[in-house]
Structures are given as structure tokens and as C-alpha cells.
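Undergrad: Kindly return the folded structure for what I paste below:
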Amino acid sequence: AGEAPSIVANDRSGDVVTGFRPVLQIYELEVVRATDAMKWLQSLFGRDITIETDEGRNALMIRGRPVSVRQAIDALKVFDTPGMRGRVSAKLEPAFIPAAELTDRLVEALVAQGY
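TA: Residues are numbered from 1 along each chain as shown. Below is the predicted model:
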């Protein structure tokens, strides 16, 4: 806490140093827009990482623990593909029951159907 992050060069391989010191990595996107990718990562990682966009370079600045930053870079490798161009995402919350209960009910229904 309060320690300056270790800055990782813009390496497309996504290799992040190990340790406990926070890491700041800049990741340039090739296909998807930085604003879209930022929303996806925030949905996946919540407060484990902080993300800022550099729209001029279509890049993300990702800061957090090395393991979290590495996982975010791995996710970006999946998202930043031609198949994701122009796609949008939405986070859906169940209206009548908590998500955990909905998950349990879906598992029960799928098991009953033989899946």
C-alpha cells in the first residue's frame, strides 16, 4: 500500500513480473475499442485492478497485484480478436432472486435434464 507500482513495458506477450509490489502495465489493443475492453475488465475483475483508457493509442493502463494484472492481460488476449469487433456487452442482474440462487436452480434443472 502506498508503494509506487513496477512499470511493465508494453509487451504484447503480457508477461508480468511476479511479487507483491503493484504493477502498472500499458496494453495496446489491436481490434476492440479501449472503452469497451475497460467495461469488460471492470465487470470481470471489479476492484482487483484499476483501469484507465488512453483512447489516442487505443490502450489500457492496468494497475494492480501482478497476478490480477496477468489475468486481465490474458482476458484481453481473448477479447482483442477480430471476432469481437463491434460487439457490445451487458451485465445482467436477476430481478427476483439473487444470482447465487439462480445458479443453483439452473444447475438443478440441467441435472434433471441429463446435463
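
Undergrad: which SS class is the residue most central in space within the chain?
TA: Among the residues of the chain, the one closest to the centroid is residue 41, at 2.7 Å (C-alpha atoms, centre = their mean). Secondary structure state of residue 41, per DSSP: H, G, I helix; E, B strand; the rest coil, is helix.

Undergrad: what's the neighbour count on residue 63?
TA: Residue 63 has 17 neighbours, counted by other C-beta atoms under 10 Å. Quick note: C-beta positions are derived from backbone N, CA and C, even for glycine.

Undergrad: Give the full set of residues in contact with it.
TA: Residue 63 makes contact with 5, 22, 23, 24, 25, 49, 50, 51, 69, according to C-beta atoms under 8 Å, 6 or more residues apart in numbering.

Undergrad: need these in JSON lines with secondary structure, can you?
TA: Output for these, formatted as JSON lines (three-state DSSP):
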{"residue": "5", "secondary structure": "coil"}
{"residue": "22", "secondary structure": "coil"}
{"residue": "23", "secondary structure": "strand"}
{"residue": "24", "secondary structure": "strand"}
{"residue": "25", "secondary structure": "strand"}
{"residue": "49", "secondary structure": "strand"}
{"residue": "50", "secondary structure": "strand"}
{"residue": "51", "secondary structure": "strand"}
{"residue": "69", "secondary structure": "helix"}
